[in-house]
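Novice: sequence unknown, structure follows:
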């Protein structure tokens, strides 16, 4: 049974959400603050943590940093409209975020999607580019690259569909699964450019992510 750590200081949410998750087949460990969450990580060894960003004891980002030390995936629970916290959390490497108030079944779908991503780890090599999905680390010619969470997810979509033409709509759909309404069509253009700047030897003449005019993009290899 998959164990989930729920870090939330609202007793009503703790009670109702833990009951719902247990009804969906998860084992749930509860923590109301940062210190309790860290103790639970070490004692219970959960596979994923749901972390409220606003806690009376500590904060969600502190919990996230401790989770990363233990290779524990995190989905942030955040107030609706708090775009700064959302972007910060995703750039730090969070698996996902869900804005309150949320639909419990949508949360469960996002939990299962995050667990699937974490369960399909491997090392992928493409020329001088290496992607270690266990460490979420990308290197080119032996030098580690810094990719934001969305850039990394976009790269994984390309890697999982090597040689296939991916339309912009398909790419947006794939990223939406992880980032909700945060990604728009114009944002996709920006992220593809940023990704090329980091993984291509010559971003002005890309050899990995090719533009297929009128259709979309294709990862060579």
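Specialist: Good, I have the coordinates. All of these numbers come straight from a predicted model, not from anything done at the bench.

Novice: dead centre of this structure: give me the residue that sits there.
Specialist: residue 95 (2.4 Å; Cα atoms, centre = their mean).

Novice: so who does that one touch?
Specialist: For residue 95, the contact set (Cβ atoms under 8 Å, 6 or more residues apart in numbering) comprises 48, 73-75, 114, 117-118, 178. C-beta: built from backbone N, CA, C; applies to glycine.

Novice: stretch 202-218: end-to-end distance?
Specialist: Taking Cα to Cα, to the nearest Å, stretch 202-218 runs 17 Å from one end to the other.

Novice: in the protein, where is pLDDT below threshold?
Specialist: Low-confidence segments of the chain (pLDDT under 70): 80-82, 120-122, 176-183, 221.

Novice: next, the buried residues of stretch 137-148.
Specialist: Of the residues in stretch 137-148, those buried by neighbour count under the rule 16 or more other Cβ atoms under 10 Å are 138, 140, 145, 147-148.

Novice: the longest strand in the chain is where?
Specialist: As assigned by DSSP state E, the longest strand anywhere in the chain is strand 73-79.

Novice: what's downstream of it, the next helix or strand?
Specialist: Toward the C-terminus, strand 73-79 is succeeded by helix 83-92 as the next helix or strand (DSSP states H and E).

Novice: any idea how the chain splits into domains?
Specialist: 3-119, 123-219 (automatic domain parsing).

Novice: out of those domains, which one sits most buried?
Specialist: A comparison of the domains of the chain by mean neighbour count, using mean count of other Cβ atoms under 10 Å, puts domain 3-119 on top with a mean of 17.

Novice: end-to-end on that domain?
Specialist: 14 Å.
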